[in-house]
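*Asks:* Below: sequence and its predicted model.
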Amino acid sequence: MASPGYRGSVVPMDGYGGDQVRAAERPHLEAGEPLMQRAADGLARIVGELLDDPAVRPPDGPGSVLLLVGSGDNGGDALFAGARLASDGRHVAVLRVGSRVHEAGLAAALDAGASLLDGPSDTGTGTGGAADILRAAVTPDADRLAAVAAEADLVLDGILGIGAGSGTPLRSPARQVVDAIRELARDQRAPFVVAVDVPSGIDVDTGAVADDHVLHADVTVTFGGVKAGLLTGPGATLAGRIELVDVGIGADLAALEPLIRT
């Protein structure tokens, strides 16, 4: 259950735009530095600490995590973090909500013991579970989704990241997944939510949202530099507490003028 004490942030921060972060990352990626692995390690560490925090969940068992995995690198961050959490003995389930998946991240998560939620699939691939959610709003599968989410101690929102564009609205089936979890929140049954880099659906630069189909995070774990959209507009409320993971681009960002200073 989400804890109100984790919402909001009062620590002074500089907020950078998506283009600034990508430019800062570029030379490090070209040099072969493992930025995604650093991000995933930091994400897994913070999630592990949250799972061990009695303010987040009762201290009974190793804790369970539901990964909402989109198509891009944001989903890859979530999957590699899930692999580390599964290796540490946490119960990890993966729900694909994009048209594709970060294959290496998925393989790492499954090899470490994570489970892939699957079910009826209109595509016949049987490798995602997303088709369950396509029916969620109008069939008993809504109850199944709600049960899966409610049983998780923590949900990782790895649907969309900074490469998705300006305030990109969620598409089906991710849209229905978010709706189902938001419904749990209205019933006071929602799991603790951690956003991967940014809450999916907010504009990285302005914090604007295309609509209200955005998961309200208790904690946002952001990588390299705090994104400006986490500090302004609706994004400042939706982000919850902000945790910054150093991936090795801090000096590059420090040479730039941030979009926002708080």
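*Replies:* Looks like it arrived, so ask away.

*Asks:* Give the buried residues for stretch 19-39.
*Replies:* Under the neighbour-count criterion of 16 or more other Cβ atoms under 10 Å, stretch 19-39 has 20-21, 24-25, 28, 35-39 buried. (Each C-beta comes from the backbone N, C-alpha and C, glycine too.)

*Asks:* Quick check: Gly113 touching Ser87?
*Replies:* Yes. The pair Gly113 / Ser87 is scored as a contact, 7.3 Å apart, by Cβ atoms under 8 Å.

*Asks:* before we move on, back to that, spatially, which two of the buried residues of stretch 19-39 are the most separated?
*Replies:* Taking Cβ to Cβ as the measure, the buried residues of stretch 19-39 span a maximum distance of 22.1 Å, between Gln20 and Gln37.

*Asks:* Contact partners for the closest residue to His216 other than its chain neighbours?
*Replies:* Spatial nearest neighbour of His216, chain neighbours left out: Leu238 (5.4 Å); criterion: Cβ to Cβ, 6 or more residues apart in numbering. By Cβ atoms under 8 Å, 6 or more residues apart in numbering, the contact set of Leu238 is 199, 202, 207, 209, 214-217.

*Asks:* Now tell me which helix or strand of this protein has the poorest mean pLDDT.
*Replies:* Every helix and strand in the chain was compared by mean pLDDT, DSSP states H and E; the lowest is helix 130-134, with a mean of 40.

*Asks:* what about Gln20, distance to Asp203?
*Replies:* Distance, Gln20 to Asp203, by Cβ to Cβ, to the nearest Å: 14 Å.

*Asks:* got it, and Leu154?
*Replies:* For Leu154, the distance to Asp203 - Cβ to Cβ - is 25 Å.

*Asks:* Would you map the strands across the stretch 1-150 of the chain?
*Replies:* Using DSSP state E, counting those that start in this stretch, the strands of the stretch 1-150 of the chain run over 14-15, 64-69, 91-96, 115-116.

*Asks:* Which one, of those strands, ends up nearest to Leu230?
*Replies:* Of all the strands of the stretch 1-150 of the chain, it is strand 14-15 that lies closest to Leu230, at 6.6 Å by Cβ to Cβ.

*Asks:* Pick the one among the contacts of Leu238 closest to Gly63.
*Replies:* Out of the contacts of Leu238, the member with the shortest distance to Gly63 (by Cβ to Cβ) is Ala217, at 17.7 Å.

*Asks:* Need the phi and psi values for the residue positioned nearest the centre of the chain.
*Replies:* The C-alpha lying nearest the average C-alpha coordinate of the chain belongs to Asp157 (Cα atoms, centre = their mean; 2.6 Å). In terms of degrees, to the nearest 10, the main-chain angles of Asp157 are phi -90, psi 90.

*Asks:* Contacts only, for the spatially closest residue to it that is not a sequence neighbour.
*Replies:* Distances taken as Cβ to Cβ, 6+ apart put Ala195 closest to Asp157, at 4.6 Å, once the chain neighbours are dropped. By Cβ under 8 Å, 6+ apart, Ala195 lies in contact with 157, 215, 217, 219-221, 239-240.

*Asks:* Tell me where the stretch 1-150 of the chain has helices.
*Replies:* Here the stretch 1-150 of the chain has its helices, by DSSP state H, counting those that start in this stretch, at 18-30, 35-51, 73-87, 103-111, 130-134, 141-151.
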